[in-house]
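> pasting the sequence and the predicted model now:
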Amino acid sequence: VPVDRIRNFCIIAHIDHGKSTLADQLLLKTGTVAARDMIDQFMDSNDIERERGITIKLNTARMKYTAQDGQLYALNLIDTPGHVDFTYEVSRSLSSCEGALLVVDASQGVEAQTLANVWLALENDLEIVPVLNKIDLPGAEPERVIREIEEIIGLDCSNIIRASAKMGLGIEETLEAVVQRIPPPNNTVKDPLRALIFDSYYDAYRGVVCQFRVVDGQVAKGDTVVMMNTGKEYTLDEIGVLAPVKTPVDTLYAGEVGYLAAQIKSVLDARVGDTVTLKKNPAADALEGYEDVQPMVYCGLFPTDADDYQDLREALGKLQLNDAALKFEPEVNNAMGFGFRCGFLGLLHMEIVQMEIVQERLEREYNLDLVTTAPTVVYKTLTNTGEELTVNSPGDLPEATKRQNISEPYVRLEMVTPTEYVGNLMELANNRRGEFVEMKYLTDSRTTLVFNIPLAEVVTDYFDQLKSRSKGYASMEYKITGYRVNELVLLEIKINGEPAEPLSVICHRDHAYRTGKALCAKLKELIPRQMFRVPIQACIGAKVIASEAIAPYRKDVLAKCYGGDISRKKKLLQKQADGKKRMKQLGKVEVPQAAFMAVLKIN
Ligand code: GTP
């Protein structure tokens with residue numbers, strides 16, 4: 001297909017507005033995937049994604065489409081992950097496209113994630129084609145939503161596509177719009193090769209498989225290439241297109257999208273955003289926008305059974321081959337023993353990795369029970385000797401007398417809400433140390449609120465609170481903006497007189513008393529009674545600022561069972577045994593997993 005008949009596009013949408021369903025319809029309509037093969041959604045191919053119903057990892061598909069003008073076109077659909085943790089990957093896949101379908105649910109309207117994605121697409125100069133989805137729903141309000149798109153985003157909606165991905169309506173129109181409204185790639189095939197990697201994953205047979213867009217020049221099987229940012233060199237074993245299964249080809253030209261494999265050992269060597277060029281005729285400059293993404297959230301992962309330590313190390317190592325953003329290093333502490341401190345892009349990324357570890361072990365018929373400590377952001381501190389330290393764990397913080405300050409990451413938080421909940425959300429942001437930036441009435445019924453707010457406040461239960469204070473109608477997005485010095489203190493927890501390092505938190509001085517008190521109360525509730533009295537204290541330095549105590553109690557689960565129902569007794573005993581599994585011994589006290597996460601729920 002000549003370059004003027006190639007279209008590279010992605011679909012951007014708020015979660016659940018129908019991106020995957022529409023993608024499936026496009027694949028079906030173009031005969032790329034047969035209906036009988038469309039078991040579940042093709043674009044959402046990962047189990048964990050399916051379970052959670054959200055798209056995380058990218059998948060591309062090349063479709064062949066004969067348009068109404070009688071010409072055959074190659075349409076490359078590049079899927080984008082739909083979550084704020086993966087904004088960098090989204091931006092790289094957007095920059096591999098010339099256009100984007102903007103899918104908006106006709107019964108909902110413009111949401112925070114819609115906006116965030118649209119701004120990213122506009123930054124990358126994409127042509128945006130709006131698609132109003134779910135027009136079949138009785139609650140659809142196409143006119144209101146069209147007004148929102150016009151007023152908020154400033155898009156011309158006079159020829160907006162009205163679709164129902166579920167019923168297969170508006171699909172042909174969408175394909176025509178891709179052909180007619182999205183520009184073809186520039187023809188720069190004569191320039192030295194520059195190809196942008198927008199996704200890479202590990203495959204046991206081929207090594208790392210990178211998906212890329214040829215921006216300039218051409219690339220062939222057998223070429224020796226250089227990754228311009230990491231400097232690594234490889235000879236290409238295989239290149240091809242995803243149609244949607246891997247189909248090898250000999251050469252790919254400027255404007256095309258494909259994959260490459262070269263027995264690359266780890267995704268760290270072929271990073272998303274890197275530029276591939278030829279060794280024998282290299283490009284002068286790499287493509288813009290490469291970033292070495294840094295973890296924003298850390299937590300400790302500890303096996304409940306110390307014998308599983310090596311297993312956990314192996315599992316993490318394996319995941320890292322496939323996940324350049326995952327970091328881990330060994331950690332030891334008094335309470336938890338040996339484990340790892342792991343860094344993630346955000347809370348969803350953290351959850352995914354944990355699920356992957358457990359899932360991978362289950363497949364190998366191992367049982368790996370993990371205890372996770374509460375996630376914390378990456379603080380920085382300036383020591384008395386003028387050194388800046390990165391603090392991934394509250395336990396790494398130098399003593400108060402040895403440091404000058406502590407700084408924390410801030411984000412710009414954007415919330416989109418029906419106007420009636422503005423008051424509730426203002427209050428929420430204010431309680432979480434948010435600093436009001438602006439409020440914009442999008443339409444007469446919807447408003448965006450913008451705050452500068454510490455990331456630490458957002459990674460706790462902020463999203464849940466936002467949902468509950470807006471009856472589920474508000475949405476949010478955030479972007480890291482930098483570090484700020486604040487009045488932060490280390491709040492330490494002592495259980496039975498022993499410091500429980502994994503429960504320590506860094507918090508604002510003004511919130512320390514409240515947090516300490518709530519944390520003690522929560523722990524009292526979560527830690528089962530023991531044979532002896534267990535004091536729980538929250539301290540700053542040597543000063544105890546809050547305390548509680550768990551009264552001694554002898555737990556006899558069978559006392560509840562009168563009569564001789566043996567199966568019920570067994571069940572109860574089993575339940576008690578299961579509950580014990582995910583416990584950690586802190587000194588003489590057994591502490592359940594939930595306690596380590598208590599700090600997330602106390603605001
Ligand atoms: P993420 O993968 O999380 O980004 O969501 P998504 O945008 O891909 O949404 P998805 O395609 O999974 O659709 C979400 C839900 O909306 C599913 O239950 C779909 O069946 C439903 N849905 C999608 N399109 C339509 C439509 O046109 N009409 C109706 N009534 N439901 C639809």
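Perfect, I can see it now. Residues are numbered from 1 along each chain as shown.
> who are the contact partners of the residue positioned nearest the centre of the chain?
For the chain, the residue nearest the mean C-alpha position is Asp85 (3.3 Å; C-alpha atoms, centre = their mean). Each residue near Asp85 by C-beta atoms under 8 Å, 6 or more residues apart in numbering is listed here: Phe344, Leu345, Gly346, Leu347, Leu348, His349. All C-beta atoms are positioned from the backbone trio N, CA, C, and that covers glycine.
> quick check: pLDDT value at it.
Asp85 is assigned 77 on the pLDDT scale.
> so is it in a helix, a strand, or just coil?
helix (DSSP: H, G, I helix; E, B strand; the rest coil).
> that older thread, what is the nearest of the contacts of Asp85 to the ligand?
Leu348 (11.4 Å; C-beta to the nearest ligand atom).
> which strand or helix spans that closest one?
Leu348 belongs to helix 347-363 when assigned by DSSP states H and E.
> could you give the mean pLDDT of the next helix or strand after that helix?
Downstream of helix 347-363, the next assigned helix or strand under DSSP H and E is strand 370-372. Mean pLDDT, computed over strand 370-372, is 80.
> just give the strands next to strand 370-372 in its sheet, each with its orientation.
Note on strand 370-372: by DSSP bridges, its sheet partners are strand 297-303 (antiparallel).
> for the helix or strand following the strand it pairs with, buried residues please.
For strand 297-303, the succeeding helix or strand toward the C-terminus, using DSSP H and E, is helix 309-321. For helix 309-321, the neighbour count (16 or more other C-beta atoms under 10 Å) marks Tyr309, Asp311, Leu312, Arg313, Ala315, Leu316, Leu319, Gln320, Leu321 as buried.
> just the endpoints, please. Distance across stretch 213-221?
15 Å (C-alpha to C-alpha, to the nearest Å).
> helix, strand or coil for Cys539?
Cys539 ends up strand, using three-state DSSP.
> partners of it in the sheet?
Glu492, Val544.
> JSON lines for the buried residues of helix 309-321, including distance to Ala165 and pLDDT?
Below are those laid out as JSON lines (distance: C-beta to C-beta, whole Å; pLDDT from 0 to 100):
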{"residue": "Tyr309", "distance to Ala165": "47", "pLDDT": "88"}
{"residue": "Asp311", "distance to Ala165": "43", "pLDDT": "86"}
{"residue": "Leu312", "distance to Ala165": "41", "pLDDT": "87"}
{"residue": "Arg313", "distance to Ala165": "44", "pLDDT": "89"}
{"residue": "Ala315", "distance to Ala165": "37", "pLDDT": "86"}
{"residue": "Leu316", "distance to Ala165": "38", "pLDDT": "89"}
{"residue": "Leu319", "distance to Ala165": "33", "pLDDT": "85"}
{"residue": "Gln320", "distance to Ala165": "36", "pLDDT": "85"}
{"residue": "Leu321", "distance to Ala165": "35", "pLDDT": "82"}
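> hey, where'd the strands end up in the stretch 1-150 of the chain?
All strands of the stretch 1-150 of the chain, identified by DSSP state E, counting those that start in this stretch, fall at 6-13, 60-66, 72-78, 99-105, 127-133.
> would JSON lines of the contacts of Asp85 with neighbour count be doable?
Listed next are the contacts of Asp85 as JSON lines, based on neighbours: other C-beta atoms under 10 Å:
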{"residue": "Phe344", "neighbour count": "24"}
{"residue": "Leu345", "neighbour count": "24"}
{"residue": "Gly346", "neighbour count": "23"}
{"residue": "Leu347", "neighbour count": "21"}
{"residue": "Leu348", "neighbour count": "19"}
{"residue": "His349", "neighbour count": "21"}
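> closest to Ala284 out of these?
Closest approach between those and Ala284, by C-beta to C-beta: Leu345, at 31.6 Å.
> model confidence for that closest one, exactly?
The model's pLDDT for Leu345 equals 87.
> show the contacting residues for it.
Taking C-beta under 8 Å, 6+ apart as the test, what Leu345 contacts is Asp85, Phe86, Val293, Pro295, Met296, Val297, Ala325.
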